[in-house]
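**Q** Turn this into a model:
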Amino acid sequence: MIESRKKLIEKIAEKHLLDLRDFEPLTGGDINEVYKIELQDRALVLKLNSATKFPGMFEAEKKGLELLASPAAFKIPEALETGAIGDDSYLLLEYVPKGHKTPEFWKIFGRQLAKLHAEQSEQFGLDHDNYLGSLLQLNSYRSDAVSFYTEMRLEPQLKLAQDQGYNLPDTSSFFQNLESIIPKENASLIHGDLWGGNYLVNTTGAPCIIDPAVAYAPREMDIAMTRLFGGFDEQMLLSYEECFPMEQDWEERIELWQLYYLLMHLNVFGSSYLQRVTEIIRKYS
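**A** From the prediction side, this is the model:
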């Protein structure tokens, strides 16, 4: 695979006048091939995928990283270039060398996440669509959290699940109940896919977040995602709440927000997520 990619990587380096010295594969997940490329004076990250399968993915990722960088909350790798050669689309990023957590790491993470979420909008959504994993994520603007979460998050995933033949509970009463369950907060700028694989520790021991699925959305979505697969210390949330206290009864809504992410996993990874999706729909119905 590396040899077959050598010519492509050389073409990308030539196109952007990069003095390529060497490259090596990095872990890239299920969608992208990822390489560390060594230049004369620095290193970069190169992400590759299919322009046909994932149109506009890297352009949206670049915009998302730029949005996350704008409040100066977290260290965000600079997104440098996007483009395509044939069916190979690519994204060039700043390489962030890895360090080790300091004793204050989770306190810092919580404060920085609160600062990110303090970047707010009266409208929910974004001026472009993007991706959550391999699935298109719709971001058309809505005036309130309930309609945004219903129409832009849950309904597309529920339809996809039903189209794939999954037998899900009736959602009529579930959707009716959301109006009284979801708090009336302004939309926050959220990372959108904040699981343990999407943060790094840089050489100063501070958190750096990557691979966003950003939108102006309910901030509890990020908090819920940090609790879905583990990897986040409780100190992070304590620090967050000191800066930006959560709305009353937020813990009772955690599974409601996790439903979106579990539906995505059902649609991508299969029926092992069906029982949990079903239980959450019934819980809030």
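**Q** residues contacting Glu242?
**A** Residues near Glu242 by Cβ atoms under 8 Å, 6 or more residues apart in numbering: 110-111. Heads up, the C-betas are built off the backbone N, CA and C, glycines and all.
**Q** Give me the distance between it and Phe105.
**A** Counting by Cβ to Cβ, to the nearest Å, the separation of Glu242 from Phe105 is 16 Å.
**Q** Also Ala13?
**A** 35 Å.
**Q** repeat for Ser70
**A** Going from Ser70 to Phe105 by Cβ to Cβ gives 23 Å.
**Q** quick one, which of the two is more surrounded?
**A** The neighbour comparison of Ser70 against Phe105 (other Cβ atoms under 10 Å) goes to Phe105, with 19 against 12.
**Q** With just CA atoms, put whichever strand or helix holds Leu80 into PDB.
**A** Using DSSP states H and E, Leu80 maps to strand 79-85. Extracted in PDB, the C-alpha atoms of strand 79-85 (Å, rounded to 0.1, in the frame of the first residue of the first chain):
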ATOM      1  CA  ALA A  79      -5.600  22.900   8.100                       C
ATOM      2  CA  LEU A  80      -3.300  23.900   5.300                       C
ATOM      3  CA  GLU A  81      -4.600  22.600   1.900                       C
ATOM      4  CA  THR A  82      -7.300  20.500   0.400                       C
ATOM      5  CA  GLY A  83      -7.500  19.100  -3.100                       C
ATOM      6  CA  ALA A  84      -7.900  16.100  -5.300                       C
ATOM      7  CA  ILE A  85      -5.800  14.200  -7.800                       C
END
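**Q** can you state the direction angle for the next helix or strand after it and strand 79-85?
**A** Later in the chain than strand 79-85, the nearest helix or strand by DSSP H and E is strand 88-94. On the basis of axes from the mean of the first three to the mean of the last three Cα atoms, to 10 degrees, strand 88-94 is oriented at 160 degrees to strand 79-85.
**Q** tell me what strand 88-94 is packed against?
**A** helix 2-15, strand 43-50, helix 57-69, strand 79-85 (3 or more Cβ pairs under 8 Å, 6 or more residues apart in numbering; DSSP states H and E).
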